[in-house]
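Q: Here's my sequence, what's the structure:
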Amino acid sequence: MNDVSRDNAEPSFLGFRRPEDLYAGLASEIAARLVAGIAHNGRASLVASGGTTPGPLYDALATHDLAWQDVWLTLSDERWTDSRSARSNENLARTHLLTGRAAAARLVPLKSAHPHAAQAEREANAAIAAMPRPFDVVLLGMGTDLHVASLIPGSEGLARALDPNDPALIRAVDPPDLAALGERLTLTLRAILDSRWIVLLIRGEAKLAAYRRALSGRDVLTAPVRAVLQQTRVPVSVYWSE
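A: Numbers count the residues shown, from 1 in each chain. Have a look, this model is predicted:
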């Protein structure tokens, strides 16, 4: 899949002057959607992103009083590093979200004991397939290079992971600068779009400019976030603040 239609409507955009207002508002919206999922289906599912931006969001979300034991949590992607490392998305979720009442949520990690990410694809696919789906909420970040999850431009395995006809929910990818970025597992586009609501969380003027670039082009291999933004199957909301 090399491009997506330009005829799709843009995502909804919510801008906040203060980051704390963004985090509080988004945490309340995610919590409400998880509560609704539990009420309708007896359980709910959340896909969490990594990076530096969502930490305060997870802190705020963890304070919400809901039936966390009925919430299933996984990651949008994972670096192939020790889960106790500061670079691990699982570690971010454990230290900021799975605290207090929220510690009762059921974490479905992507990292396993396999020495290489590609060796873990089948096991991770089975684990994600067993989760409640469609996901109630998929939270994503975005880089200024227009990557989303670990769908990174120039990565080995990117085209396959972006193929909506590929049956996999998880794929291993090798970023172009493998020595610096390391092996990764990532949700595929198919998995990301198997959701009820996608939210893109970004901060700063550089990310806002990158988001606008993503809306204006078509090629998804050079800007994988376009595959999420320029589709009409799943509603997408963008939350931004400086």
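Q: Report the helix or strand with the lowest average pLDDT across this structure.
A: For the chain, counting by mean pLDDT, DSSP states H and E, helix 178-181 ranks last in confidence among helices and strands (a mean of 76).
Q: Going along the chain, name the helices of this structure.
A: 19-41, 55-61, 89-96, 121-129, 158-162, 178-181, 189-192, 205-216, 226-229 (DSSP state H).
Q: looking at those helices, which one has the lowest mean pLDDT?
A: Ranked by mean pLDDT, these end with helix 178-181 in last place, scoring a mean of 76.
Q: How far off centre is it?
A: Centroid separation for helix 178-181 versus its chain: 21 Å, with C-alpha atoms, centre = their mean, to the nearest Å.
Q: For the least confident helix or strand of the chain, which residues meet the burial criterion?
A: For helix 178-181, burial by neighbour count (16 or more other C-beta atoms under 10 Å) applies to residue 181. (C-beta placed from N, C-alpha, C; glycine too.)
Q: Equivalent analysis for stretch 82-89, please.
A: For stretch 82-89, by 16+ other C-beta under 10 Å, it's 83, 88-89.
Q: now these as TSV including distance to residue 102?
A: Output for these, formatted as TSV (distance: C-beta to C-beta, whole Å):
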residue	distance to residue 102
83	18
88	18
89	16
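Q: Specify which member of these is nearest to residue 57.
A: Nearest to residue 57 among those, counting by C-beta to C-beta, is residue 89 at 13.6 Å.
Q: Pull the number of nearby residues for the nearest residue to that closest one once chain neighbours are set aside.
A: Leaving out its chain neighbours, the residue that sits closest to residue 89 by C-beta to C-beta, 6 or more residues apart in numbering is residue 50, at 3.2 Å. Residue 50: 22 surrounding residues under other C-beta atoms under 10 Å.
Q: Residue 50 and residue 92 touch, don't they?
A: Yes. If you go by C-beta atoms under 8 Å, residue 50 and residue 92 touch, sitting 5.5 Å apart.
Q: Residue 197: how many residues sit nearby?
A: For residue 197, using other C-beta under 10 Å, the count is 17.
Q: which ones are touching it?
A: 33, 136-138, 234-237 (C-beta atoms under 8 Å, 6 or more residues apart in numbering).
Q: make it 6 Å
A: Residues near residue 197 by C-beta atoms under 6 Å, 6 or more residues apart in numbering: 137, 235.
Q: With residue 202 instead?
A: So residue 202 contacts 142, 240 (C-beta under 6 Å, 6+ apart).
Q: Any figure for the gap between it and residue 132?
A: 27 Å (C-beta to C-beta, to the nearest Å).
Q: Same question for residue 73.
A: Distance from residue 73 to residue 132, by C-beta to C-beta: 11 Å.
Q: higher neighbour count, those two?
A: residue 73 (23 against 18).
Q: Quickly list what the more buried one is bridged to.
A: Beta-bridge partners of residue 73, counted by DSSP bridges, are residue 46, residue 107.
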